[in-house]
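1. Model the following, please.
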Amino acid sequence: MLPKYLKVKGFRSYLDTTINFKDFGSMFVVLGENGAGKSSIIEMITTALYWINSCTDSKGVGMDDCINSDCDFFTIEFCFEMNGIEYIVKTTKYRGESRELEFYIDGVNQSEKVTETQQKINNVLKMNYDTFLDTVCVGQGKSNRFMNKKPAERKETLMQILDVQKYETYEKIAKEKKKVLKTKIDGIEKEIEILEDRSSNDDVLIEQLELYKNELKEIQDEHKKIEQDLEIVLKEKTEYETRKKQIDNIKNTYLLSKQNLNDNKIELEEIEYKIKNNKYIPKSFDVEIQNLQLQVDTKHEEILKLKDDISSVKSKSAVIDSKLEDFQIKFDRLNNYDKHVCELCGNEISLEHKQRHLKEIKEQISNFKSEKEKLNQQIHDLNIKGKETSATGKELSSQLKQKTFEAQQNEKYKSELQYLKTLKKDKILQNKSLQKQFDLNKEMFLSLDVLEERNFNDDELKRSLQDVNIKLNDYQDKISRIDETLKQHAKDNKLVKEYKTKLKMLKQEFTDYGSLVTAFGKSGIPASIIAHDIPEMEIETNNILKIISNGTLSIQYITEKKTSKAKKTVDTLDIVVYDKNGFRKYETYSGGEKFRIDFACHIGMAKFLTKRAGASIDFLIIDEGLGSQDDFSKQKFIESIHSLKGIFKQIMVITHIQDLQNAFDHKVLIEKDQLTGSKVEILS
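-> Residues are numbered from 1 along each chain as shown. The predicted structure follows:
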């Protein structure tokens with residue numbers, strides 16, 4: 001992996017900055033005050049690649065703390081090259097929200113869901129976050145990361161470096177295949193056992209089959225004999241029942257014709273009785289009905305005339321009532337008028353004049369009352385006459401209704417009489433026909449022979465035949481079942497051969513996968529790879545350690561050790577350190593010596609990893625860590641770094657030590673401004 005550029009917005013002290021690594025040369029030192037953002041370069045790279053940095057856990061929890069306090073989000077775009085291919089990773093995090101992730105290979109977008117995209121990035125890098133820190137980056141105060149790990153953890157890191165973890169997957173797949181095959185083998189063996197057990201008694205079945213066939217032959221003969229006997233009996237019974245049925249039909253026909261003749265005579269007598277008692281009167285009611293209708297109409301006209309007369313008299317009476325009321329008002333007004341001069345005409349009103357007018361008005365009122373009484377008497381007389389006329393009309397209407405009903409009933413009786421006479425003629429003709437038919441049937445009935453009663457044993461034969469059929473079906477079913485069983489056993493035997501052939505192949509495949517499990521296990525190919533490659537990594541480490549320790553220190557990787565009982569060996573990765581006095585425990589060395597050992601192991605693994613196909617590391621980061629070294633050791637360390645030029649295409653050193661800064665021609669200064677954030681400047 002060789003970085004090309006890093007574009008960042010809103011990450012820690014970086015508000016909007018682009019870092020172009022291609023401008024820094026093959027080896028450069030990063031300078032700056034504490035807090036300027038030197039180590040943040042490493043954090044931005046690991047955040048882009050793994051979504052992990054020193055402030056988060058392994059799942060990236062705590063990433064919001066990396067967002068600049070003046071921003072709502074950060075964006076990191078990291079471009080690097082590996083094996084001639086350009087990769088771009090762009091990740092964005094808004095405060096309180098999930099991250100966004102994009103991945104490009106040679107400009108082609110490979111992004112999917114975040115999880116799938118991260119897996120694609122991991123597949124390209126071929127190392128996890130911890131391995132990255134153990135190889136690519138010598139972190140500030142973390143140069144002893146690898147040495148302080150437990151042997152098993154160091155072995156795990158080494159397995160990642162050597163890319164042998166894939167064999168764990170292969171081993172797991174092989175074990176799963178073995179498990180599936182074992183299930184199939186067990187199932188087939190069980191099936192073979194069942195099938196062979198089924199056909200183990202075929203000889204007994206064949207013997208039983210022959211016995212059933214012989215017994216079936218006897219039952220079939222018995223069945224045939226009963227069928228023949230039954231056929232004869234059924235034929236005789238049919239002839240007998242046919243003759244009996246003929247006799248019964250003739251008898252029934254005779255009795256029926258006799259009954260029909262008697263019924264017809266009774267019906268004829270009933271018709272004659274009804275004719276005799278019919279109430280039809282041979283006369284016409286039309287004249288009477290017309291006269292009554294005329295009288296009713298006349299009375300109705302009289303009533304209407306009376307109603308008109310009454311209405312006319314009442315109108316006259318109303319006029320008189322109105323006049324009476326007017327004259328009475330005049331009389332009362334004049335009688336009560338107490339003035340001597342008329343208010344209307346202005347003439348003088350004398351007592352004599354007043355009395356004379358009152359008398360005249362009174363006479364007129366009297367005349368009107370007399371006329372009113374006459375009119376009331378006329379109305380009274382007309383009402384009495386109207387009631388008498390109405391009563392007479394109602395009586396005539398009742399007579400008309402009754403006479404009309406009598407006429408309708410007489411017509412009904414007439415129609416009924418005509419129908420009865422016609423029916424009587426038909427019954428007389430029918431009686432002659434029935435009499436003739438009866439005489440013929442009687443003659444046939446009297447000529448019949450007497451048929452003796454007979455019993456037949458067909459029911460007994462049918463029961464016997466049914467019993468034999470049950471036996472026959474039972475034996476046929478037994479024979480069929482044995483035949484089917486023997487046929488199935490023949491198929492089973494063929495299937496057993498096929499199963500055994502398949503079983504042989506599966507067992508061979510099972511053995512092959514067993515060999516693969518052993519080969520892919522830790523003691524197989526991984527152990528061989530480690531055993532083959534550890535010496536080379538050990539040589540690379542000791543070459544570095546020899547330079548920075550002036551040849552006083554060396555290490556040895558031990559990948560196996562015996563258990564306490566020395567009965568077997570277990571996998572490990574112990575590191576033994578040798579000096580001029582032999583080997584000593586790592587913990588007994590001074591801080592400066594430990595740093596040299598740690599640095600040598602770190603660089604040794606990085607150098608080795610660069611030689612592994614598909615896991616190219618062209619970039620090395622060294623962050624501080626030299627404060628405990630003396631001048632000689634610092635010089636040796638500088639020489640070691642310069643010696644790595646041929647191994648890594650680019651080396652970045654972050655330090656405060658002046659001697660170390662002066663050892664590099666290319667210097668990059670990082671300064672932090674309160675307004676614009678951290679900025680990167682090339683000094684030389």
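2. in the chain, which segments are predicted with low confidence?
-> 139-148, 160-163, 340-349, 564-567, 607, 609-616, 624-630, 633, 684 (pLDDT under 70).
3. Break it into its domains for me.
-> If you go by automatic domain parsing, the domain ranges for the chain are 1-126+614-684, 155-164+525-613, 174-202+461-520, 286-423.
4. now the second one, how far from the chain's geometric center?
-> Put plainly, it is domain 155-164+525-613. Its chain's C-alpha centre and that of domain 155-164+525-613 lie 60 Å apart, by Cα atoms, centre = their mean, to the nearest Å.
5. just to revisit the earlier point, kindly present the domains of the chain as CSV, with separate columns for mean neighbour count.
-> C-beta here means a position set from N, CA and C on the backbone, and glycine is covered the same way. Converted to CSV, those look like this (neighbours: other Cβ atoms under 10 Å):
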stretch, mean neighbour count
domain 1-126+614-684, 17
domain 155-164+525-613, 17
domain 174-202+461-520, 15
domain 286-423, 14
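6. nearest to residue 265, of those?
-> The closest of the domains of the chain to residue 265 is domain 286-423. By Cβ to Cβ, the value is 14.1 Å.
7. Next, the distance between the ends of that closest one.
-> With Cα to Cα, to the nearest Å as the measure, the ends of domain 286-423 fall 30 Å from one another.
8. quick one on the thing from earlier: got a markdown table for the domains of the chain, with distance to residue 431 too?
-> Listed next are the domains of the chain as a markdown table, based on distance: least, Cβ to Cβ, whole Å:
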| stretch | distance to residue 431 |
| --- | --- |
| domain 1-126+614-684 | 108 |
| domain 155-164+525-613 | 124 |
| domain 174-202+461-520 | 51 |
| domain 286-423 | 12 |
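9. out of those, which comes closest to residue 439?
-> With Cβ to Cβ as the measure, domain 286-423 is the member of those nearest residue 439 (24.5 Å).
10. Tell me which of the domains of the chain sits nearest to residue 149.
-> Closest to residue 149 of the domains of the chain, according to Cβ to Cβ: domain 155-164+525-613, at 6.9 Å.
11. Now residue 17: closest residue in space, sequence neighbours ignored.
-> Computed as Cβ to Cβ, 6 or more residues apart in numbering, the closest residue to residue 17 that is not its neighbour in sequence is residue 8, at 5.5 Å.
12. Actually, residue 274.
-> residue 420 (5.4 Å).
13. Can you read off the backbone torsions of residue 663?
-> Residue 663 adopts backbone torsions of phi -80, psi 0, taken as degrees, to the nearest 10.
14. The one 10 residues further on too?
-> The phi and psi torsions at residue 673 (degrees, to the nearest 10) take the values phi -110, psi 140.
15. was I right about it contacting residue 679?
-> Yes: contact status for residue 673 versus residue 679: in contact at 6.7 Å, counting by Cβ atoms under 8 Å.
16. For stretch 496-511, give me every contacting residue.
-> Identification of contacts with stretch 496-511 by Cβ atoms under 8 Å, 6 or more residues apart in numbering yields 178, 181-182, 184-185, 188-189, 191-192, 195-196.
17. In helices only, show me those residues.
-> Counted as lying in helices by DSSP state H, out of those, are 178, 181-182, 184-185, 188-189, 191-192, 195-196.
18. of those residues, closest to residue 634?
-> Closest approach between the ones in helices among the contacts of stretch 496-511 and residue 634, by Cβ to Cβ: residue 178, at 56.7 Å.
19. who does the longest helix along the chain touch, helix- and strand-wise?
-> Using DSSP H to assign secondary structure, the helix with the most residues in the chain is helix 351-446. Helices and strands touching helix 351-446, by 3 or more Cβ pairs under 8 Å, 6 or more residues apart in numbering; DSSP states H and E, are helix 202-276, helix 286-336.
20. okay if I get those helices as CSV plus distance to residue 436?
-> Shown next, in CSV, are the helices and strands packed on helix 351-446 (distance: least, Cβ to Cβ, whole Å):
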stretch, distance to residue 436
helix 202-276, 10
helix 286-336, 48
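21. and stretch 275-285, how far out from the chain's middle?
-> Centroid separation for stretch 275-285 versus its chain: 88 Å, with Cα atoms, centre = their mean.
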